[in-house]
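> Below is the sequence, then the predicted model.
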Amino acid sequence: MSGLRNIWLSILFLTCCVFCSAQNDVAGAKIRAYNIYGFTKYISWPNQTLLSQFRIEVLGKDSLLLNELRLLSKTKTVEGLPITVINSFDVSKVGRPQILYVNNASGFDIEQVLRKVKGSNTLLIGEKFPFHTSMINFVQVNNEQKFEINQQLMSEEGFLVDSVLLRQAITSPEEWQKLYIDQGKILEIEKAKVEQQKEEISTLQSTQSELQKQIQQDRLRILRQKEDIRAQQKVLQDLLSESKDQDRALKNKIEQLKKREVELNAQEDSIERQDSLISGQKIAISGQQQILQTQSQQINDQNSVLEDQMSRIRLQRILLYLSVALSTLITILGFIAFRNYEAKKKANTILEEQKEAIEKQKTVIENKNTSITDSINYALRIQKAVLPTQQMAKTFFKDYFVLNLPKDIVSGDFFWVHQEADKLIVAVADCTGHGVPGAFMSIIGNSLLKEIIKHQKIFEPDMILDRLKSGVIDALNQREKGATAKDGMDIALCVIDKTKNNLSFSGAHNPLYILREKEIIEIKGDAQSIGHSIHHEEKFSKTDIDIKPNDRFYMFSDGFVDQKGGEKKKKYYYKNFKELLINTSPENLKEQGKLLEEEFLSWKGNFAQIDDVLVVGFGL
């Protein structure tokens, strides 16, 4: 009994340890969540009046903090703005939140995170990072949450911090170092306690294991004894049952023998009476047998005569049936032949009429196809007249190629280039659909780009795409309730400053590839399209790049990488496309364009082209 009591005490102790640890984690997450929310009361954001919601993003896995922040967002607001809490696991995919939280335990580089949020009006809150490496940095001391503020980083981002919050923060590296020293001493004491508890738990677990083995052995011994008792009980029950059955069988047998004796005596009397009757019947039967033999001979003679008559009658019936069947068959064959002649004559008449109608329909369809083809060719001439030509590119680039392979006569992909003073604007767009619908969208896109760049004089790529998106939504009436048009375009657009020798890029889904020293640098576009989408309120971002000698730039639609072909009938994919650009880079851009076209046609083979293809490569 004392052993069992020790086992239950050890289990209770382990449960309490786990429960206390879980409670501490939940309480710590709740304190961090309230501190993060509390900062919004003492810090002013430079763009706060323009916000429609207040976004808090947690970088890395921290489910307890996420749950506490989401609970707060249901009851709290920031200056009347609803709070949205999101979670991300990749620094490159971090958006533009108002607060970004990251814990050093998640393994992210704080310098990389700072570079990502620079200029985005994002308050970076770190935890357990070195002194002054984040805007706000948490540290846990004696189960109490402390923080330090990097005023220089916050002022660079335009944040205004209340003096009340500054007085509560750690202000110097010495104070920060002292907190870590104190925390280290406390951790050493806690480690010693934990080691002692581990030894006690190990001893309890060992005792528990021995008791469990003893209990298991006792259980097996009891089970074997129970099985022996059940076997003995069954043998006794079988013996008792067998004895009773034998007594009953013996009594039944005696009664049956007595009844059998009475029946046998009665049968002997009956047999004697039947013998006397049978003797008289034998004499009568003998006389009847003689009479039957005489009658049987007479019947046999009559049967012979009847057999001869029936043979003649059967032969006459067979001849009659054959003559009737032959006459019927001749009549049926004649009727069938006549019906087939009439049906064939009627079918030939119908076929002649149908052939004449088909010839007329064929003439009408050919005329319509000719008219439609002429209209599409005229639309192609209009599209070529409206959009920039490939020849125009010669005035802007020292080396370039334009690979344009429409799926139909006209294309939904278009290339756009324009120079204004020392700025060169280059764009490659992929409109929804292909053929005539895509061509309509390309003309709308060309007109809007001219208005935004040539007349409104906007040369920042992110602002150009913001205006282009708004223009497409207005042109297609996509702001109205119940609007069904979901058309638009994906686009890659860059602005090249020849004086500063740099490039600014913005994209709607489509990327920019830079080939530098036989490596592809991919600059991704934003995850939203030009036109109506779930992200229609979000602004486009911009990436600035310094241009180096011998850099090559590639912009393209998704028609090349999505084309199915090859032996396995699969898409070409972006990985193969990057390798193709690298492998053909020793050639000049004009020859590289020809090699890309040959690879596309070889990959496509006999498969149908699924989309328009447009690839533009250029060097400066």
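On my side now, so go ahead. Please read all numbers here as calculations on a predicted model, not as lab measurements.
> can you give me the helices in the protein?
Counting by DSSP state H, the segments of the chain that form helices are 2-39, 63-75, 110-117, 151-156, 163-168, 173-386, 435-449, 461-475, 559-562, 573-583, 589-604.
> Buried residues in stretch 37-46, which are they?
Along stretch 37-46, these residues count as buried under the neighbour rule (16 or more other Cβ atoms under 10 Å): 37, 39-40, 43, 45. Quick note: C-beta positions are derived from backbone N, CA and C, even for glycine.
> Quick one: residues in contact with it.
Stretch 37-46 is touched from outside by 51, 54, 69, 72, 76, 78-79, 98-99, 121, 123, 125, 136, 154, 157-162, 164-165, with contacts defined as Cβ atoms under 8 Å, 6 or more residues apart in numbering.
> In strands only, show me these.
The subset of the contacts of stretch 37-46 located in strands under the criterion DSSP state E comprises 54, 78, 99, 123, 125, 136, 160-161.
> Could you tell me which of the residues you listed count as buried?
In those, burial by neighbour count holds for 54, 78, 99, 123, 125, 136, 161, counting by 16+ other Cβ under 10 Å.
> from those residues, which is closest to N87?
Closest approach to N87 among these (Cβ to Cβ): I99, at 13.1 Å.
> ok, the closest one touching R32?
No. Here I99 does not reach R32: they are 12.0 Å apart, not a contact under Cβ atoms under 8 Å.
> Quick one: end-to-end distance for stretch 538-554.
26 Å (Cα to Cα, to the nearest Å).
> end-to-end on stretch 39-59?
Using Cα to Cα, the distance between the terminal residues of stretch 39-59 is 18 Å.
> what mean pLDDT would you report for that stretch?
Per-residue pLDDT values across stretch 39-59 average out to 90.
> Can you verify my assumption that Y574 contacts D558?
No. The criterion here is Cβ under 8 Å, and Y574 misses it with D558 at 9.1 Å.
> follow-up on the earlier one: could you dump the ones in strands among the contacts of stretch 37-46 into JSON lines with distance to D62 added?
Supplementary listing: those in JSON lines, determined by distance: Cβ to Cβ, whole Å:
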{"residue": "F54", "distance to D62": "19"}
{"residue": "V78", "distance to D62": "21"}
{"residue": "I99", "distance to D62": "14"}
{"residue": "L123", "distance to D62": "17"}
{"residue": "I125", "distance to D62": "12"}
{"residue": "I136", "distance to D62": "16"}
{"residue": "L160", "distance to D62": "28"}
{"residue": "V161", "distance to D62": "25"}
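> Let me know the closest of those residues to E353.
With Cβ to Cβ as the yardstick, the closest approach to E353 among the ones in strands among the contacts of stretch 37-46 comes from F54, at 76.9 Å.
> dump the residue contacts of the closest one.
With contacts defined as Cβ under 8 Å, 6+ apart, the neighbours of F54 are 40, 77-79, 81-84, 98.
> Mind doing that once more with 6 Å?
Listed by Cβ atoms under 6 Å, 6 or more residues apart in numbering, the contact partners of F54 are 78, 81, 83, 98.
> got it, and D408?
G435.
> Look up phi and psi at it.
The phi and psi values for D408, taken as degrees, to the nearest 10, are phi -110, psi -160.
> measure it to G435 for me?
D408 sits 4 Å away from G435, going by Cβ to Cβ, to the nearest Å.
> count of neighbours near F505?
When counting by other Cβ atoms under 10 Å, one arrives at 25 neighbours for F505.
> Skipping adjacent residues, who's closest to it in space?
Take F505 and drop its neighbours on the chain: the residue closest to it by Cβ to Cβ, 6 or more residues apart in numbering is C494, 4.5 Å away.
> Looks like the one you found contacts G507 (just checking).
No. C494 is beyond contact range of G507, at 8.8 Å (criterion: Cβ atoms under 6 Å).
> Counting neighbours, what do you get for I170?
Each residue near I170 was counted by other Cβ under 10 Å, and the total is 18.
> Setting the sequence-adjacent residues aside, check what's closest to it.
Counting by Cβ to Cβ, 6+ apart, I170 lies nearest to E148, which is 3.9 Å off, once chain neighbours are set aside.
> partners of the one you found in the sheet?
The partner list for E148 in beta bridges (DSSP bridges) reads N137, I170.
> thought it was touching A169?
Yes. Here E148 reaches A169: they are 5.4 Å apart, a contact under Cβ under 6 Å.
> Would you mind grabbing the residues shared as contacts by those two?
Here E148 and A169 share no contacting residue, scored by Cβ under 6 Å, 6+ apart.
> Looking only at neighbour counts, state which of those two leads.
Counting neighbours by other Cβ under 10 Å for E148 and for A169 shows that E148 has the greater number, 23 against 16.
> quick one: contacts for the more buried one?
With contact set as Cβ under 6 Å, 6+ apart, E148 has these partners: 137, 169-170.
> can you pull the pLDDT of it?
For E148, the pLDDT comes out at 89.
> State the distance from it to N104.
The spacing between E148 and N104, counted by Cβ to Cβ, is 14 Å.
> G28 now?
When distance is defined by Cβ to Cβ, G28 is 15 Å away from N104.
> Check Y341 too.
In this structure, Y341 lies at 99 Å from N104, with Cβ to Cβ as the measure.
> Between those two, which is the more surrounded one?
Neighbours around Y341 and N104, counted as other Cβ under 10 Å, are more numerous at N104. The numbers are 17 against 10.
> Name the nearest residue to the more buried one, ignoring sequence neighbours.
Looking at N104 with Cβ to Cβ, 6+ apart, the closest residue is K128, at 4.2 Å.
> Over to that neighbour: give its phi and psi.
With angles defined as degrees, to the nearest 10, K128 sits at phi 70, psi 30.
> on that earlier part again, between the buried ones among the ones in strands among the contacts of stretch 37-46, which sits nearest R317?
Taking Cβ to Cβ as the measure, R317 lies nearest F54 of these, at 109.7 Å.
> That closest one bridge partners, please.
The partner list for F54 in beta bridges (DSSP bridges) reads I83.
> So it versus I99, what's the distance?
Looking at F54 against I99, where the rule is Cβ to Cβ, the gap reads 8 Å.
> Contacts only, for A192.
Contacts of A192 (Cβ under 6 Å, 6+ apart): none.
> Got the confidence number for it?
pLDDT, A192: 71.
> That one and T203, how far apart?
17 Å.
> do the same with P437
Separation of P437 from T203 (Cβ to Cβ): 79 Å.
> repeat for L512
Distance from L512 to T203, counting by Cβ to Cβ: 65 Å.
> who's more crowded, these two?
The residue with the greater number of neighbours, taking L512 and T203 and applying other Cβ under 10 Å, is L512; the counts read 24 against 12.
> Sounds good, over and out.
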